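Q: Sequence and predicted structure below; questions after.
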Amino acid sequence: MRVLVSGAGVAGPVLAYWLARHGFSVTVVERASAPRRTGGHAVDLYRPAMEISDRMGVLPQVEQRATGTHRMTLHREGVRRPVRVNLAKVFHATSDRHVEIMRDDLSEIYRDASRDDVEYVFGDSITAISSTGEVRFERAAPRRFDLVVGADGLHSTVRRLVFGDESRFSAFIGAHLGVLTVPDTAGLDGELRLHVGVGRTAGVYGARHLGEARALLLFRSERELDFDREDVPRQKELLRTAFTGLHPDVDRVLAELDHTPAFYFDSITQLRMATWSRGRVTLVGDAGYSPGPAVGGSTTLAVVGAYVLAGELARAGGDHERAFPAYERAMAGYVHGSRAAALRAARTLIPRSRLAVHGLAHAARLISALPAGPGRALLRLTSKTARVHNGTTIDTYSEPA
């Protein structure tokens, strides 16, 4: 059975790996002309994604390329004294299996794991999908596939072609984000510097193997701002307007906007669809159920979704009419929990008032001061994102002998 997967980010390669293990013939098509090597931004892998990575035999590579971030310095706007947090203690308290890794590194690891058994096509994109199984591409000749899976992210082409315009399913949750690469002039060496003000939060962190830093900028907005995804100068101007004056460190980040080699900007939105499947087409990861970039643990959700989809297709012998509904049932509770956790995370990370800013700092100081046992108990009670992801159990799908 031939399966076409659109997207070679995280969900696509994981899905391709497991489909190939289950005996499917898999092609992955990716719009980018080549895999990205810039590192991307940091993402969290919680327990279920770590278990799946272990089953794929790539957990040592994942752990080896972890960012190494182990401490945080939290600065509040208008307050001179920062709060320092031992992040290693926080991660250990919320999860016994957790890794922070750069997204492009993770994508490369998963891609390499599937490369020998999967056809990867870069520099092309799907333009049409027929009910008979014919798929048309921007560059390549048409081909026939039994199933098509959109693993092509929040702004999925497959979803648009099959389900309609993104606006029908996109729910803005009140914030925007920017990510850019900046020089590590501060020598961060495992440190996250967080600058928090009312309605805006900026974080700068390094990755020990890249020799450079990443800046993450989050800011509130009552409505989704008007910008074109191709208009990068407009996006950068929105960030300057939102963050100028927050802190000298942040002003230095803004000064790098015109020189950065890697930049990303978007609204923080959730994808809310009644179903992720139609006919022989289904969606996985952010393409079908993004809980919100940077706030919802979407990477772990995507890894689990890809693993479950492949397993249900194998269990149903490739019968999508049985497999797709089973996949949606298996993932429904996890998806809903991730959405709720993302809304809460956005409220916490981007405080609405000065009281909330100081509350965030107080919580960080309290967690740092508590002994290991009480600290673990407090964090597990208050960290909804970690609870949602770590509380998810994954099935074991039998493989061909």
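A: Done, it's in.

Q: For the stretch 301-401 of the chain, give me the ranges with low pLDDT.
A: Low-confidence segments of the stretch 301-401 of the chain, defined by pLDDT under 70: 367-386, 400-401.

Q: Go again with 90.
A: Scanning the stretch 301-401 of the chain for pLDDT under 90 picks out 341-342, 344-349, 358-401.

Q: show me where it has helices.
A: 320-349, 354-369, 372-382, 384-390 (DSSP state H, counting those that start in this stretch).

Q: Please apply the same query to the chain.
A: 11-21, 47-55, 59-64, 87-94, 103-114, 157-163, 232-243, 248-255, 286-289, 298-315, 320-349, 354-369, 372-382, 384-390 (DSSP state H).

Q: can I get the ones you listed in JSON lines with distance to Gly203?
A: Every C-beta, even on glycine, is put in place using the N, C-alpha and C of the backbone. Output for these, formatted as JSON lines (distance: least, CB to CB, whole Å):
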{"stretch": "helix 11-21", "distance to Gly203": "25"}
{"stretch": "helix 47-55", "distance to Gly203": "22"}
{"stretch": "helix 59-64", "distance to Gly203": "22"}
{"stretch": "helix 87-94", "distance to Gly203": "12"}
{"stretch": "helix 103-114", "distance to Gly203": "15"}
{"stretch": "helix 157-163", "distance to Gly203": "30"}
{"stretch": "helix 232-243", "distance to Gly203": "12"}
{"stretch": "helix 248-255", "distance to Gly203": "10"}
{"stretch": "helix 286-289", "distance to Gly203": "21"}
{"stretch": "helix 298-315", "distance to Gly203": "17"}
{"stretch": "helix 320-349", "distance to Gly203": "9"}
{"stretch": "helix 354-369", "distance to Gly203": "13"}
{"stretch": "helix 372-382", "distance to Gly203": "19"}
{"stretch": "helix 384-390", "distance to Gly203": "16"}
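
Q: okay if I get those helices as CSV plus mean neighbour count?
A: Output for those, formatted as CSV (neighbours: other CB atoms under 10 Å):
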stretch, mean neighbour count
helix 11-21, 28
helix 47-55, 21
helix 59-64, 15
helix 87-94, 18
helix 103-114, 22
helix 157-163, 21
helix 232-243, 16
helix 248-255, 17
helix 286-289, 29
helix 298-315, 26
helix 320-349, 19
helix 354-369, 16
helix 372-382, 14
helix 384-390, 22
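
Q: Make a markdown table from the helices of the stretch 301-401 of the chain and add distance to Leu257 to it.
A: Below are those laid out as a markdown table (distance: least, CB to CB, whole Å):
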| stretch | distance to Leu257 |
| --- | --- |
| helix 320-349 | 21 |
| helix 354-369 | 25 |
| helix 372-382 | 34 |
| helix 384-390 | 29 |
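
Q: With Val232 as the reference, name the closest of these.
A: Distance to Val232, taken as CB to CB, is lowest for helix 320-349 among the helices of the stretch 301-401 of the chain, at 24.1 Å.

Q: Can you tell me which helices and strands the closest one packs against?
A: Applying 3 or more CB pairs under 8 Å, 6 or more residues apart in numbering; DSSP states H and E, one finds that helix 320-349 contacts strand 170-182, strand 263-271, strand 277-278, strand 281-283, helix 286-289, helix 298-315, helix 384-390.

Q: elements contacting the second one?
A: Contact partners of strand 263-271 among helices and strands, from 3+ CB pairs under 8 Å, 6+ apart: strand 170-182, helix 232-243, helix 286-289, helix 320-349.

Q: run the last query once more with 6 Å
A: Contacts defined by 3 or more CB pairs under 6 Å, 6 or more residues apart in numbering; DSSP states H and E place strand 263-271 against strand 170-182.

Q: Next: the first one.
A: In terms of contacts (3+ CB pairs under 6 Å, 6+ apart), strand 170-182 is packed against strand 213-220, strand 263-271.

Q: Name the stretch among the ones you listed that sits most buried.
A: Most buried of the helices and strands packed on strand 170-182 by mean neighbour count (mean count of other CB atoms under 10 Å) is strand 213-220; its value is a mean of 23.

Q: so what strands line up beside that strand?
A: strand 170-182 (antiparallel), strand 200-206 (antiparallel) (DSSP bridges).

Q: so what pLDDT did the closest residue to His358 other than its chain neighbours get?
A: Of all residues not flanking His358 in the chain, Arg76 sits nearest, at 6.9 Å (CB to CB, 6 or more residues apart in numbering). Listed pLDDT for Arg76 reads 94.

Q: And for the one 3 residues further on?
A: As predicted, Val79 sits at a pLDDT of 90.

Q: Also Thr38?
A: Value listed for Thr38 in the pLDDT field: 64.

Q: ok, His358 to Thr201 distance?
A: Per CB to CB, to the nearest Å, His358 is found 14 Å from Thr201.
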